[in-house]
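Engineer: model this:
(2 chains)
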Amino acid sequence: MTSSPTALLDVRDLHVAFRTREGVAKAVNGVSYSVNAGETLAVLGESGSGKSVTAQAITGILDTPPGFISKGEILFKGTDLLRMSGGERRKVRGAQMAMIFQDALSALNPVLNVGDQLGEMFVVHRGMSHKDARAKAVELMDRVRIPAARERVGQYPHQFSGGMRQRIMIAMAIALEPELIIADEPTTALDVTVQAQVMELLAELRRELGMGLILITHDLGVVADVADKIAVMYAGRIVETAPVHEIYRSPAHPYTKGLLESIPRLDQKGRQLYAIKGLPPSLLRIPPGCAFHPRCPLARQVCRTDEPPLYEVGPGRRSACHFWKECLVERTDSSGA
Amino acid sequence: MGRYVIRRLLQMIPVFIGSTFLIFFMVYALGDPVAALFGQRAPDPAVAAQIRKDLYLDHPLGAQYVHYMSQVFAGNFGTAFNGQAVTALMGSAFPVTMRLTLVAIVVEAVIGIALGVASGLRRGRAVDTGVLLLTLVVVSIPTFVSGYVLQYLFGVKWGLVNPSVSFAAPINQLILPGVVLALVSLAYVTRLTRTSIAENTRADYVRTAIAKGLPRGRVIRRHLLRNSLIPVVTFIGTDIGALMGGAIVTERIFNIHGVGYQLYQGILRQNSPTVVGFVTILVIVFLVANLLVDLLYAVLDPRIRYA
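Structural biologist: Coordinates of the predicted model:
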């Protein structure tokens, strides 16, 4: 992936592993990606592909132990976060780089009212008084369009609906107008109709505040409308990166292709849904060569032995497949038929 | 909330009647208080009959109970066999036990929570293992052993405290007995806090708090501790009720004339009015303590709202 010197966030060759009873689980194996200011990067992958762990390593909320970063750099505005002291790192968190979690009900503290949880950002990072912070909290709740914010600021998370809770999470993330937001499956726990509203709100705020956004998801439908570029992860590696529209038109990796084909479509009613055969590998025993080869329809001998590098496929496009050319051709054929 | 309290208070009535009747039945119907009064000697039948009449013992048991309760609600708990009013015994015993309970609760809450937090945050490390082992040892030692050993060491060998508590039992003399009394509960509080903390450190909202860039101290105090202490507070609350019942063993070791001591004496001498009177009060204390714990629970955890 191209890493311009102006990149807001530049992750380089990141390796994260977890010590478990059974051995060392390699969750992230040499991930590199970058996000520019105002840009949205979607990180796509199944559970266990390492997309959330990468995000946790960036934010610095990785459980260490058992997790540890064995290699790599995370440059945020040119400074390596991994070389910072704990205190410096903490000041970046929340203020310059914020995170939105999947399940707002468990991610919000059940025994503190939302006003306290929102206001806390201002009290801690800005040294505001409790009263001023409260006013800011109401302002934020208005901003994420929670009705009757003034009356509801003293309520507790369980008194809000799922969609409203996720709005509070978003409000907390944008509180100090950070330059980067990492949203880890922000809509997975919500109803479909609410999902769209929340995504819309997030995209809108991102535009207004000019923030960089990393959107972690396994939902291809969510990605198309909001992302500028996509990174597809498999078994702790990036297998394909591309500008968003190109990837839908012509995926350059068999895994991406499989993901796209397994989206249910209304115009194909009655046909059996496509599924990628097999299961993702155990992170304790990632297959040699290309990690995807046991499930890949294009796999050949070379895939079992040689790990594919990220081949340059086009401008801003890379694919970690020895046979990316075939993959590209095939998709064009089938869509033309 | 108000309606909940009223409902709970109403629920107390049958519990109160049931438990006091049971103790009344056990003391008056299963033993003979008049025979107990005379000790080894056989009572003169005429005198015995007179005493039975005076003490309302010549009526059926149900009538005796109703009579006793009506007396209790008028503030008359009867007279102990030595001629002292039971209320006078209570007046001297309950303040002593309350002070002892206070010392014990403070010790178990402060030290127990501190140790629990320290080990819960460092689970699996040396501190944690050490504390766990220590609590195991403490739980396994019966109070009469730890009581006598500490009394000997602090009171006799090193002379740091008075080995025997005076009749007035001021709070400074109750510190060692309070610690002895608290020891087992202290171990439970430590373990409970540790488990609760260890469990909650992995909770999503703690991760959120860290992601917000809050200092570690604030994450622990404001986010982790408040959630983790809910079960601990419940335990300590019920323990207050239990400790108010008097610590028979501890009070005997340190010669404290509290509730446990009086009850023990009452049972030993079959002093029925004392036993029934004290137990009646203890039933009330226990019921109220439990109600307070439930209400405190709702204060600590806003998800619980009693309607």
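
Engineer: residues touching B:Val117, list them.
Structural biologist: Contacts for B:Val117 were tallied using CB atoms under 8 Å, 6 or more residues apart in numbering or on different chains; they are B:Thr193, B:Arg194, B:Ile197, B:Ile220, B:Leu225, B:Ser228. Bear in mind the C-beta positions are built from the backbone N, C-alpha and C, glycine included.

Engineer: got a pLDDT number for the residue in the stretch 151-300 of chain B positioned nearest to chain A?
Structural biologist: When scored by CB to the nearest CB, the stretch 151-300 of chain B has B:Gly213 as its residue closest to chain A, at 3.1 Å. In this model, B:Gly213 is scored at 91, pLDDT.

Engineer: my guess is it contacts A:Glu88. True?
Structural biologist: No - using CB atoms under 8 Å as the test, B:Gly213 is too far from A:Glu88 to be in contact (10.8 Å).

Engineer: more neighbours: which of those two?
Structural biologist: More crowded of B:Gly213 and A:Glu88, by other CB atoms under 10 Å in any protein chain shown: B:Gly213, with 24 against 11.

Engineer: look up the closest residue to that one, ignoring the ones flanking it.
Structural biologist: Nearest-residue entry for B:Gly213: A:Gly94, 3.1 Å, with adjacent residues in sequence omitted and distances by CB to CB, 6 or more residues apart in numbering or on different chains.

Engineer: and the residue of the stretch 151-300 of chain B closest to chain A, which of the three is it?
Structural biologist: Using DSSP: H, G, I helix; E, B strand; the rest coil, the structure places B:Gly213 in coil.

Engineer: so who does it touch?
Structural biologist: Counted by CB under 8 Å, 6+ apart, B:Gly213 has contacts A:Arg90, A:Lys91, A:Val92, A:Arg93, A:Gly94, A:Ala95, A:Val124, A:His125.

Engineer: mind doing that once more with 7 Å?
Structural biologist: A:Arg90, A:Lys91, A:Arg93, A:Gly94, A:Ala95, A:Val124, A:His125 (CB atoms under 7 Å, 6 or more residues apart in numbering or on different chains).

Engineer: burial check on B:Tyr4, number of neighbours?
Structural biologist: 15.

Engineer: likewise B:Ala48?
Structural biologist: 17.

Engineer: how about it, what does it touch?
Structural biologist: By CB under 7 Å, 6+ apart, the contact list for B:Ala48 reads B:Val34.

Engineer: and the pLDDT at it?
Structural biologist: 82.

Engineer: wait, a helix at it?
Structural biologist: Yes - the assignment for B:Ala48 by three-state DSSP puts it in a helix.

Engineer: now do it against chain A, distance only.
Structural biologist: 63 Å (CB to the nearest CB, to the nearest Å).

Engineer: residue contacts, the residue nearest to B:Gly213?
Structural biologist: With CB under 7 Å, 6+ apart, A:Gly94 has these contacts: A:Met121, A:His125, A:Leu176, B:Ala211, B:Lys212, B:Gly213.

Engineer: my read is that the second one contacts A:Ala175, right?
Structural biologist: No - applying CB atoms under 7 Å as the test, A:His125 and A:Ala175 come out as separate, 8.5 Å apart.

Engineer: which non-adjacent residue is nearest residue 195?
Structural biologist: Went with chain A since none was named. A:Thr187 (4.0 Å).

Engineer: hm, I was asking about chain B
Structural biologist: Excluding the flanking residues, the one nearest B:Thr195 by CB to CB, 6+ apart is B:Gly120, at 7.2 Å.

Engineer: distance of the one you found relative to B:Arg305?
Structural biologist: To B:Arg305, B:Gly120 is 28 Å away according to CB to CB, to the nearest Å.

Engineer: neighbour count for those two, which is higher?
Structural biologist: For B:Gly120 and B:Arg305, the more surrounded residue by other CB under 10 Å is B:Gly120, and the numbers stand at 27 against 11.

Engineer: what ranges do the strands span in the stretch 151-300 of chain A?
Structural biologist: Secondary structure of the stretch 151-300 of chain A (DSSP state E, counting those that start in this stretch): strands located at A:180-184, A:212-217, A:229-234, A:237-243.

Engineer: contact partners of the last one?
Structural biologist: To tie it back to what came earlier, the one meant is strand A:237-243. A:1, A:29-31, A:33, A:228-233, A:251-253, A:255-256, A:291-292, A:316-320.

Engineer: got the buried residues for it?
Structural biologist: The neighbour-count check on strand A:237-243 (16 or more other CB atoms under 10 Å in any protein chain shown) flags A:Arg237, A:Ile238, A:Val239, A:Glu240, A:Thr241, A:Ala242 as buried.

Engineer: cool, stretch A:68-85 as well?
Structural biologist: Buried residues in stretch A:68-85, counted by 16+ other CB under 10 Å: A:Ile69, A:Gly72, A:Ile74, A:Leu75, A:Phe76, A:Lys77, A:Leu81, A:Leu82, A:Met84.

Engineer: do stretch B:224-231 as well
Structural biologist: Result for stretch B:224-231 [16+ other CB under 10 Å]: buried residues B:Leu224, B:Leu225, B:Arg226, B:Asn227, B:Ser228, B:Leu229, B:Ile230.

Engineer: next, format those as CSV and append secondary structure, distance to A:Thr59 and pLDDT.
Structural biologist: Converted to CSV, the buried residues of stretch B:224-231 look like this (DSSP: H, G, I helix; E, B strand; the rest coil; distance: CB to CB, whole Å; pLDDT from 0 to 100):
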residue, secondary structure, distance to A:Thr59, pLDDT
B:Leu224, helix, 19, 93
B:Leu225, helix, 23, 92
B:Arg226, helix, 24, 88
B:Asn227, helix, 22, 90
B:Ser228, helix, 24, 92
B:Leu229, helix, 28, 91
B:Ile230, helix, 28, 89
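
Engineer: now do the SS call for the nearest residue to B:Ser228 once chain neighbours are set aside.
Structural biologist: Nearest residue to B:Ser228 in three dimensions, chain neighbours excluded: B:Ser196, at 4.1 Å (CB to CB, 6+ apart). Applying three-state DSSP to B:Ser196 yields a three-state assignment of helix.

Engineer: tally of neighbours for B:Ser196?
Structural biologist: Neighbours around B:Ser196, by other CB under 10 Å: 21.

Engineer: bridge partners for the residue nearest to A:Ser49 when sequence neighbours are not counted, pull those for me.
Structural biologist: Excluding the flanking residues, the one nearest A:Ser49 by CB to CB, 6+ apart is A:Met233, at 4.3 Å. On the basis of DSSP bridges, A:Met233 is bridged to A:Ile238.
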